[in-house]
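Colleague: Sequence plus predicted model, see below.
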Amino acid sequence: MKVFLEWLGGISTFFGRTVAAAARPPYEFREFVRQLDEIGTRSLPLVGAAGAAIGVVLAMQTRSTLARFGADSLLPSMIAIAVVRELGPVITGLMVAGRIGAGLAAEIGAMRVTEQIEALEVSAINPFRYLIAPRIAACIVAMPLLTAYCDFLALAGGYGAASITMQTSVRLYFDASMQILEFVDVVPSLAKTAVFGFLIGTIGCYHGYSTRGGTAGVGRAATFSVVLSSLMVILSDVLLVKISQTLFGG
């Protein structure tokens, strides 16, 4: 318990310093765009492959169950609800936590042990403004976009699997998928991924910035970042689902 409270206090102080530094100009827009490309664009193949696989597996696993009740036509609607509400956001969060969480911790950790962060401070460059804030902001912005991409490919993967055994057109499949979705399915699910991005970015940067012990410390920071980011994505999802149900119903 003591260790957890110390970690919580440390990461809260870390985030407070980041907000204080980012609130004052100059703003690092160029670094933010570079990180958005690194975090968002370069994660597209991984997130897309995971989304398509989830759609295929979901269609294959559930079609036989629906067929028992003569409800094959509900397959597109079921896939859309499952993917958009829960599977898409969580799978994207876990994929990004694995790739970006480790990357942030390793990159910033390497800068810490090689004294590059101290060099920035000597040059009168605030590392929280230049290094930390753009990375956290890029994670927050990229996550909803990556989730929407994952959702689309999951629906496409579901169609690919369903079309093998069902005689359905692309238009009919996607019309059935879109008609079942409502505001409370799409917007809260995308919004909570911004929280996932905040957690992943903050945890990764914090453990990288706090790295000690040379290259071995960099490895430990990357490992802790992945484990804690993934765990926080899952735990925060439970809380965010409850908040969403309270505010929007469903």
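Modeller: On my side now, so go ahead. Residues are numbered from 1 along each chain as shown.
Colleague: quick one: secondary structure of the residue of the chain positioned farthest from its centre?
Modeller: In terms of distance from the mean C-alpha position of the chain, G70 ranks first, at 36.6 Å (C-alpha atoms, centre = their mean). Counting by DSSP: H, G, I helix; E, B strand; the rest coil, the backbone at G70 sits in coil.
Colleague: how about it, phi and psi?
Modeller: When read as degrees, to the nearest 10, the backbone of G70 gives phi 70, psi 30.
Colleague: just A23 next, same as before
Modeller: A23 adopts backbone torsions of phi -80, psi -20, taken as degrees, to the nearest 10.
Colleague: separation between it and I200?
Modeller: A23 is 22 Å from I200, where distance means C-beta to C-beta, to the nearest Å. (C-beta placed from N, C-alpha, C; glycine too.)
Colleague: Show me which of those two is the more surrounded one.
Modeller: I200 (33 against 10; other C-beta atoms under 10 Å).
Colleague: can I assume the more buried one is in contact with C139?
Modeller: Yes: in terms of C-beta atoms under 8 Å, I200 counts as a neighbour of C139; the distance is 5.4 Å.
Colleague: shared neighbours of the two, anything?
Modeller: V96, I100 (C-beta atoms under 8 Å, 6 or more residues apart in numbering).
Colleague: and the nearest residue to A22 once chain neighbours are set aside, what helix or strand is that in?
Modeller: Among residues not flanking A22 along the chain, A133 sits closest, at 3.7 Å (C-beta to C-beta, 6 or more residues apart in numbering). Using DSSP states H and E, A133 sits within helix 133-165.
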